[in-house]
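**Q** no sequence for this one, just the structure:
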Ligand code: GLU
C-alpha cells in the first residue's frame with residue numbers, strides 16, 4: 001500500500017503557526033517516505049465551523065506552499081458514513097444511549113463523593129446510563145436527543161487483544177481509555193473520534209502525523225478501528241510550538257495567524273525554514289513583536 005498521510009484542520013478559526021508546523025510536518029513526512037499527502041476538512045461541528053474559514057485554509061496552505069492530493073474530503077459531506085459506523089457498533093452491543101446532561105453528571109459525581117478538584121476540567125463519566133435496559137432505552141430515545149457512549153468494559157472484552165498502537169519509532173503503546181467516552185454527540189449522533197477513524201480508513205491513511213495534544217485520543221481511536229475492523233495506521237505525534245517562556249501558542253496571539261504574517265509581508269519560504277529547522281519547538285516572537293517578525297521573515 002502506498003504510504004499516505006493527511007493534514008486534517010478544523011475550520012473553527014484562522015490557521016496559525018502551530019497549524020503551519022503540523023501541515024509542514026505532514027508534507028515533510030510524505031516527501032521523506034515517497035508518500036502522498038491528503039487534506040481533510042473536519043467540519044462536523046456546525047456550532048464552531050464556518051465556510052469562510054474553509055476558504056481561508058485553502059488560501060493559507062497554498063501560500064505556505066503545501067501540495068496535497070485532490071479531491072479534499074469534507075466531513076460535512078459524509079455524515080452517512082459515520083452513522084453507518086454507529087449502527088454497526090450498536091449491533092455489536094458496545095454502545096449505549098446516554099441521556100445525561102453536564103449538570104446531571106456533575107451532580108452524580110458529587111453525590112458519589114468523587115467530586116473532581118476545582119482545577120480538573122474533565123469529569124469522568126460514572127456510567128449512569130450504562131445499566132438501562134433495552135425497553136427503557138428505546139422509550140427515552142423517542143423522547144428527545146441523546147448521545148452515544150462506548151461501553152468500555154464490553155468493548156474491551158470483545159476487541160482483539162492486545163489493544164495497542166504503534167508509533168513511527170517502532171514503540172508500542174498500550175491503548176488507555178479511562179471511561180465510557182461519547183462517540184455520538186447529541187446534535188449529530190457521531191463524534192470526532194468516530195469520523196476520524198472512518199475517514200482515515202476510507203482515505204487509505206497509513207501514517208497519522210499530528211500534534212502530541214492528540215496523543216491522548218489515540219487509545220479510543222485504536223479501539224474503534226478494532227471494533228469496526230478497520231486497518232491500523234502508524235502514529236507520528238510531533239511536539240507543539242511554544243513561546244520562549246514555555247506557554248503553548250494560543251489562537252488569541254493574532255500575530256501568529258498565517259493571514260497576519262502574510263499581511264506583514266512575511267515570505268513563506270522564510271517561515272517554512274524557521275519552522276522546519278526549529279528543533280527546540282519555540283516560536284521566538286511575542287504577540288506584539290511585529291517589527292522583529294518583519295526584520296527576520298519579510
Ligand atoms: N481536526 C483535528 C484538529 O484540528 C485534527 C484531528 C487529527 O489529526 O486526528 O485538531
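**A** Perfect, I can see it now. Worth saying up front: this structure is predicted, and the values here are computed from it rather than measured.
**Q** and residue 259, how far from residue 10?
**A** 17 Å (CB to CB, to the nearest Å). Where C-beta positions appear, they are placed from N, C-alpha and C, glycine not excepted.
**Q** which one's more surrounded, these two?
**A** residue 10 (18 against 15; other CB atoms under 10 Å).
**Q** now for the nearest residue to the more buried one once chain neighbours are set aside: which residues touch it?
**A** Distance criterion CB to CB, 6 or more residues apart in numbering; nearest residue to residue 10, sequence neighbours excluded, is residue 42 at 4.5 Å. Residue 42 is in contact with 8, 9, 10, 11, 75, 192, 195, 196, counting by CB atoms under 8 Å, 6 or more residues apart in numbering.
**Q** now do the strands in the protein.
**A** When assigned using DSSP state E, the strands of the chain occupy the ranges 4-7, 36-41, 69-74, 95-98, 147-150, 164-166, 172-174, 182-184, 207-211, 234-238.
**Q** residues near residue 161, how many?
**A** Neighbours of residue 161 (other CB under 10 Å): 9.
**Q** now it: phi and psi?
**A** Here is the backbone geometry of residue 161 (degrees, to the nearest 10): phi -110, psi 160.
**Q** bridging residues for the residue of the stretch 101-250 of the chain found nearest the ligand?
**A** Closest contact between the stretch 101-250 of the chain and the ligand, by CB to the nearest ligand atom, is at residue 210 (3.8 Å). Judged by DSSP bridges, the bridge partners of residue 210 are residue 237.
**Q** reformat the strands of the chain as CSV; add mean neighbour count.
**A** Listed next are the strands of the chain as CSV, based on neighbours: other CB atoms under 10 Å:
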stretch, mean neighbour count
strand 4-7, 24
strand 36-41, 21
strand 69-74, 12
strand 95-98, 22
strand 147-150, 23
strand 164-166, 16
strand 172-174, 11
strand 182-184, 24
strand 207-211, 21
strand 234-238, 18
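**Q** adding mean pLDDT and distance to residue 52, write the ones you listed out as TSV.
**A** Below are those laid out as TSV (pLDDT from 0 to 100; distance: least, CB to CB, whole Å):
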stretch	mean pLDDT	distance to residue 52
strand 4-7	98	19
strand 36-41	98	13
strand 69-74	96	14
strand 95-98	98	34
strand 147-150	97	29
strand 164-166	98	35
strand 172-174	97	38
strand 182-184	96	28
strand 207-211	97	24
strand 234-238	97	28
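**Q** list the contacts of residue 152.
**A** 177, 179, 180, 181.
**Q** with neighbour count and distance to residue 291 added, can I get those in JSON lines?
**A** As requested, those are exported to JSON lines (neighbours: other CB atoms under 10 Å; distance: CB to CB, whole Å):
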{"residue": "177", "neighbour count": "19", "distance to residue 291": "48"}
{"residue": "179", "neighbour count": "14", "distance to residue 291": "49"}
{"residue": "180", "neighbour count": "24", "distance to residue 291": "52"}
{"residue": "181", "neighbour count": "20", "distance to residue 291": "46"}
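**Q** all helices for the stretch 1-150 of the chain, in order.
**A** 17-32, 51-64, 79-91, 102-111, 134-143 (DSSP state H, counting those that start in this stretch).
**Q** and the longest one, what does it pack onto?
**A** With contacts defined as 3 or more CB pairs under 8 Å, 6 or more residues apart in numbering; DSSP states H and E, helix 17-32 has these neighbours: strand 4-7, strand 36-41, helix 51-64, strand 207-211, strand 234-238, helix 258-263, helix 268-276.
**Q** quick check: residues of the stretch 101-250 of the chain near the ligand?
**A** 196, 210, 214 (CB under 6 Å from any ligand atom).
**Q** dump these to JSON lines, plus distance to residue 65.
**A** Shown next, in JSON lines, are those (distance: CB to CB, whole Å):
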{"residue": "196", "distance to residue 65": "26"}
{"residue": "210", "distance to residue 65": "20"}
{"residue": "214", "distance to residue 65": "24"}
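**Q** out of the residues you listed, who's nearest residue 66?
**A** The nearest member of those to residue 66, counting by CB to CB, is residue 210 at 15.0 Å.
**Q** which one of the helices of the stretch 1-150 of the chain has the lowest average pLDDT?
**A** Among the helices of the stretch 1-150 of the chain, helix 102-111 carries the lowest mean pLDDT, at a mean of 86.
**Q** next one: that one to chain centre, how far?
**A** Centroid displacement of helix 102-111 relative to its chain, using CA atoms, centre = their mean, to the nearest Å, is 27 Å.
**Q** and the contacts of residue 152, which two are furthest apart?
**A** Across the contacts of residue 152, no pair lies farther apart than 177 and 180, at 8.8 Å, counting by CB to CB.
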